[in-house]
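1. With the input below, show me the fold.
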Amino acid sequence: MNFLDILEWYGAISAVVAALVVASNISTRISCWAFVLFVTSSAALIVWAFMSEDAEGIGWQNICLLAINLWGVYRYLIRAEPDAGSTERKPA
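-> Numbers count the residues shown, from 1 in each chain. Okay, the predicted model is just below:
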């Protein structure tokens, strides 16, 4: 397995895991870390796509998804405000 295969499979598997976590809506705290996983997935797929032949579409798609995922990280992890009476942080 070469470096491009590792990037491709990491990007695919981590995106599926992150989507499952967000869709499960276990907690805001868990969902915020799923967005961090989404960011790493998008980054891996961007590198993979532009280093591979004929995969630029996936690269551009993941550039857009990276921006969306960074918004999720900002909203859930950076800008989040603690809820009164709870130790869990909720998005602002």
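2. which SS class is residue 75?
-> Here residue 75 takes the helix state, with states given by DSSP: H, G, I helix; E, B strand; the rest coil.
3. If I look at it, what pLDDT would I see?
-> In this model, residue 75 is scored at 89, pLDDT.
4. repeat for residue 61
-> pLDDT at residue 61 comes out at 96.
5. Equivalent analysis for residue 89, please.
-> 55.
6. I'd like the numbering to begin with 748 instead of 1 from here.
-> Renumbered: residue one is now 748, and that last one reads residue 836.
7. just how off-centre is whichever helix or strand residue 760 is part of within its chain?
-> Applying DSSP states H and E as the criterion places residue 760 in helix 750-771. How far helix 750-771 lies from its chain's middle: 8 Å, per CA atoms, centre = their mean, to the nearest Å.
8. so what does the helix or strand just after that helix touch, helix or strand wise?
-> Sequence order places helix 775-798 as the next helix or strand after helix 750-771, per DSSP H and E. In terms of contacts (3 or more CB pairs under 8 Å, 6 or more residues apart in numbering; DSSP states H and E), helix 775-798 is packed against helix 750-771, helix 803-820, strand 836-837. For glycine as for every other residue, the C-beta is placed from the backbone atoms N, C-alpha and C.
9. What about the residue nearest to residue 813 when sequence neighbours are not counted, how many residues nearby?
-> Of all residues beyond its chain neighbours, the one nearest residue 813 is residue 789 (4.0 Å), with distances taken as CB to CB, 6 or more residues apart in numbering. Residues lying near residue 789 (other CB atoms under 10 Å) number 25.
10. And stretch 777-792, what's buried?
-> Buried residues in stretch 777-792, counting neighbours by 16 or more other CB atoms under 10 Å, are found at 778-779, 781-792.
11. Quickly note the distance from residue 774 to residue 764.
-> 16 Å (CB to CB, to the nearest Å).
12. list the contacts for the residue most central in space within the chain?
-> Nearest to the geometric centre of the chain sits residue 785, at 1.0 Å (CA atoms, centre = their mean). By CB atoms under 8 Å, 6 or more residues apart in numbering, the contact list for residue 785 reads 761, 762, 765, 766, 812, 816, 819.
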